[in-house]
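> Dropping a prediction and its sequence here:
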Amino acid sequence: MRGLSAVVALVAYLALAGAAAARTDAGPRAETAIFYYPWFGTPARDQEYVHWQQGGNTPPARIASGYYPARGPYSSSDGLVLAAQMREIASAGISTVIASWWGRGSAEDRRLPRVLAAARARGLAVAAHLEPYANRTVASTRTDIGYLRGLGVRDFYVWASSQLPDAEWRELNLSLRNVRLFANTNLAGRAAAGGFDGLYTYDVLLFDGALFPRLCNQARRLGLLCAPSVGPGYDARRASGDMRLRPRRDGATYDAMWRGAVAARADLVTVTSYNEWHEGTQIEPARSGKRGYQSYDGAWGLRGRAAETAYLERTAYWTRRFNSSRR
């Protein structure tokens, strides 16, 4: 019996060793993060339409976007919506949700615990996109980081970081431990001067994939993490009247930006965005055939219902490619 037990133990050991080797061969999943906006409201849940009505629009018939959500105008307070969105993000191979955050007491702050719970249920980390709320300073940002760390947030993306003094950012960053701060800039020297851990670009109108190899090379020379932002296009005409455009080109714009990030050997890739409907950078499913609105029809040759999730599916393709490139 002892001999049989030894054989069984050996077989079990070899099986475990094989599984461990398989995990080692697969390597860790590369970091990918997506900007997420928990700021939408509806009368049913929030007493009024919030954000959908910008630019003089009258939801639900007319919303502040050139595209129309496949799930219709929704509330970011709706737990079922949050759960479905986090499922889509996780299925696309994304590892982190970067939640837009507008200071203590804001609607985005009140909704953050629900976002955290829904994301963690899908194995997603949550980072904070620190937005330029009224009277934001480096000192107030220090307080914000302390508060958000208490909720389990460890990565912080600082939008418009260059609006505040580099010396103050450097003092803050030198004092922090066990967190990462990313500066919103395409100037690696500026991020280094502020003592940031890394940089991200966010803007998919002004910047494209051709910039990323040079930017990431500069970042690496300065010891910074490079997290360039890829996106499908830009169209904010209906929400803000901004007439500047970056056409989606049936998915070619998105592919080109991802290609640039992979070629740059980015440390992580940030996606602009999951649901910034105002600027038309979203990859959240958009309704096909909605009169008066653009759709994803034609993206990678898909049409109708198949096209509604085209950008999520393409994101899954690119996250796999990026993961393979980082091994």
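Ah, there it is. Not measured: the values here are computed from a predicted model.

> For the stretch 1-150 of the chain, give me the ranges with low pLDDT.
1-29 (pLDDT under 70).

> Relative to Pro69, how far out is Ser288?
12 Å (C-beta to C-beta, to the nearest Å). For the C-beta atoms, the positions are set from N, CA and C on the backbone; glycine is no exception.

> Does the residue nearest to the spatial centre of the chain have any beta-bridge partners, and if so which?
The centroid of the chain falls nearest to Ile34 when counting by C-alpha atoms, centre = their mean (1.1 Å). Counting by DSSP bridges, Ile34 is bridged to Val97, Val271.

> I'd assumed Val97 was in contact with it.
Yes - contact criterion C-beta atoms under 8 Å: Ile34 and Val97 qualify, at 6.2 Å.

> Quick check: neighbours shared by these two?
Counting by C-beta atoms under 8 Å, 6 or more residues apart in numbering, the common neighbours of Ile34 and Val97 are 89, 274.

> Assumed Ala127 was part of a strand.
Yes - looking at Ala127 with DSSP: H, G, I helix; E, B strand; the rest coil, it is inside a strand.

> can you pull the contacts of the nearest residue to it once chain neighbours are set aside?
Closest residue to Ala127 apart from its sequence neighbours, by C-beta to C-beta, 6 or more residues apart in numbering: Asp155 at 3.7 Å. By C-beta under 8 Å, 6+ apart, the contact set of Asp155 is 33, 96, 98, 125, 127-128, 179-180, 182.

> Bridge partners for Asp155, pull those for me.
When bridges are called by DSSP bridges, Asp155 pairs up with Arg180.

> Okay, it and Leu225: tell me how far apart.
Distance from Asp155 to Leu225, by C-beta to C-beta: 10 Å.

> what do those two both touch?
Joint contacts of Asp155 and Leu225 (C-beta under 8 Å, 6+ apart) are 180, 182.

> Check the gap between Leu174 and Glu168 for me.
Distance from Leu174 to Glu168, by C-beta to C-beta: 11 Å.

> hey, where'd the helices end up in the stretch 101-250 of the chain?
Using DSSP state H, counting those that start in this stretch, the helices of the stretch 101-250 of the chain run over 107-121, 138-149, 166-175, 188-193, 212-221, 237-240.

> Give me the residues contacting the shortest one.
Among residues not part of helix 237-240, those counted as contacts by C-beta under 8 Å, 6+ apart are 54-55, 57, 63-66, 243, 245, 277-279.

> Generate a ChimeraX selection restricted to the buried subset of those residues.
The following ChimeraX line selects those of the contacts of helix 237-240 that are buried, judged by 16 or more other C-beta atoms under 10 Å:
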select :54,57,63,64,65,66,277,278,279
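
> before we move on, the earlier item: how much space between the residue nearest to the centre of the chain and Arg177?
If you go by C-beta to C-beta, the gap between Ile34 and Arg177 works out to 26 Å.

> what does Ala92 give?
Relative to Arg177, Ala92 is positioned 32 Å away (criterion: C-beta to C-beta).

> can you check Glu168 too?
In terms of C-beta to C-beta, Glu168 sits 18 Å off from Arg177.

> ok, the two, which is more surrounded?
For Glu168 versus Arg177, neighbours defined as other C-beta atoms under 10 Å are more numerous around Glu168 (16 against 5).

> Tell me if I'm right that the more buried one and Thr141 touch.
No - checked against C-beta under 8 Å, the pair Glu168 and Thr141 is beyond contact range at 9.2 Å.

> buried sites along stretch 257-266?
So for stretch 257-266, counting by 16+ other C-beta under 10 Å, buried means 257-262, 264, 266.

> Buried residues, stretch 105-116. List them.
Using 16+ other C-beta under 10 Å as the test for burial, stretch 105-116 gives 106-109, 111-112, 114-116.

> What are the contacting residues of that stretch?
With C-beta under 8 Å, 6+ apart as the test, stretch 105-116 has contacts from 36, 38-39, 41, 50, 76-77, 79, 82, 97, 99-103, 126, 131, 133, 151-152.

> out of the residues you listed, which are buried?
Buried among these (16+ other C-beta under 10 Å): 36, 38-39, 41, 50, 76-77, 82, 97, 99-103, 126, 131, 133.

> Take these and keep only those in strands.
36, 97, 99-101, 126 (DSSP state E).

> Out of the contacts of Asp155, the closest to Thr270 would be?
Closest approach between those and Thr270, by C-beta to C-beta: Ala33, at 5.0 Å.

> wait, doesn't that closest one sit right on Thr96?
Yes - between Ala33 and Thr96 there is a contact at 3.8 Å, judged by C-beta under 8 Å.

> of those two, who's got more company?
The neighbour comparison of Ala33 against Thr96 (other C-beta under 10 Å) goes to Ala33, with 26 against 20.

> Could you measure from the more buried one over to Leu151?
Taken as C-beta to C-beta, the span from Ala33 to Leu151 is 17 Å.

> and if you look at Gly194?
Distance, Gly194 to Leu151, using C-beta to C-beta: 24 Å.

> ok, now Ala99?
Ala99 is 11 Å from Leu151, by C-beta to C-beta.

> again, but for Trp300
On the measure of C-beta to C-beta, Trp300 and Leu151 end up 38 Å apart.
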